[in-house]
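Peer 1: my questions are about this predicted structure, shown below with the sequence.
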Amino acid sequence: MERYRRLAEEAALGREIAKVYAPDDWYLKGGLTARAVTAALRGRRFTAARRIGKQLLLDTSDAGPVLGLHFGMAGRLLVDGRAAITDLWWASNEELEGWDRFAVFFADGGDLRMRDSRRLGGVTLDPREARLGPDALTITVGQLRSALGTSTAPLKARLMDQSKLAGVGNLAADEALWRAGLDPRREAGSLDAGELRRLHRHLRKTMQDLLERGGSHTGDLMPERAAEGVCPKDGAPLVRDRVGGRTTWWCPVHQI
Ligand SMILES: [Zn+2]
């Protein structure tokens, strides 16, 4: 998601918005309509690109609304046909494609698009930013302690609760807990001070590594998330089960 924030920041700011394409009512969240989002954005410019967790927030000029883009599991951001600032060319900029769920056309001829094959993302205006917890990439030990609280929910479920802690998805949670040597089924509030510091260190490092490597599927545990997968640290056969409603892989030997 940070990649998209950078792309939007470097390529989409300051350009006058001439047209909005919002063909998919399902993709507009919180009661938003195509007419309303068009009226809110036309004639304005994006002035800043921010990210909270998995949500990209674009501020607009003239005291306009904040455009919130949520990419779901398969959504992509394209600006002038590029998916990242380093890409020279990604897709045809000529015509809309079936997976383009939302687009903003700039007066200069370029555009910003959300392409989402699975339609799990969405667009909002003025998303309630306060509902998102602190970002896992920059969280402090104190914030992590508060996020876990005295909860008896599984540790992994709490890490993925976006209202407590923003940005941690299923794969990142498994990776961080594996690195930290913590059982995902532990009660979130049961960590002692040493375990909390260890989780904090590994969580931030995990989020940083996944960002630099290019996504949540780039963790060290990822290649072993399959039948007969073994722990890359100690060779123990990994266990798979559902924790917090999500498929979870962990090492029964060193994750305690
Ligand atoms: Zn292990």
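Peer 2: Received, thanks.

Peer 1: so what does the longest helix seen in the chain touch, helix or strand wise?
Peer 2: Counting residues, the longest helix found in the chain (DSSP state H) is helix 193-213. Packing contacts for helix 193-213, counted by 3 or more CB pairs under 8 Å, 6 or more residues apart in numbering; DSSP states H and E, involve helix 141-148, helix 170-180. All C-beta spots, glycine's among them, are computed from the backbone N, C-alpha and C.

Peer 1: any idea how far the longest one is from the chain center?
Peer 2: Right, helix 170-180. Distance of helix 170-180 from the chain centroid (CA atoms, centre = their mean, to the nearest Å) equals 15 Å.

Peer 1: try the first one
Peer 2: Computed by CA atoms, centre = their mean, the separation of helix 141-148 from the middle of its chain amounts to 20 Å.

Peer 1: output the below-cut-off pLDDT ranges for the stretch 1-150 of the chain.
Peer 2: Counting by pLDDT under 70, the ranges of the stretch 1-150 of the chain that qualify are 85-96, 130-131.

Peer 1: kindly recompute the last result at 80.
Peer 2: Across the stretch 1-150 of the chain, the ranges flagged by pLDDT under 80 are 1, 53-54, 84-97, 128-132.

Peer 1: so which bits of the chain are right by the ion?
Peer 2: C231, K233, D234, C251, V253, H254 (CB under 5 Å from the ion).

Peer 1: now list the buried members of the residues you listed.
Peer 2: For these, a burial check counting by 16 or more other CB atoms under 10 Å picks out C231, C251.

Peer 1: the stretch 1-150 of the chain: helices as residue ranges?
Peer 2: Using DSSP state H, counting those that start in this stretch, the helices of the stretch 1-150 of the chain run over 2-11, 34-41, 141-148.

Peer 1: for the helices and strands packed on helix 193-213, could you give me TSV that also reports distance to P154?
Peer 2: Formatted as TSV, the helices and strands packed on helix 193-213 follow (distance: least, CB to CB, whole Å):
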stretch	distance to P154
helix 141-148	11
helix 170-180	10
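
Peer 1: tell me which of those helices sits most buried.
Peer 2: For the helices and strands packed on helix 193-213, the largest average neighbour count (mean count of other CB atoms under 10 Å) is found in helix 170-180, namely a mean of 24.
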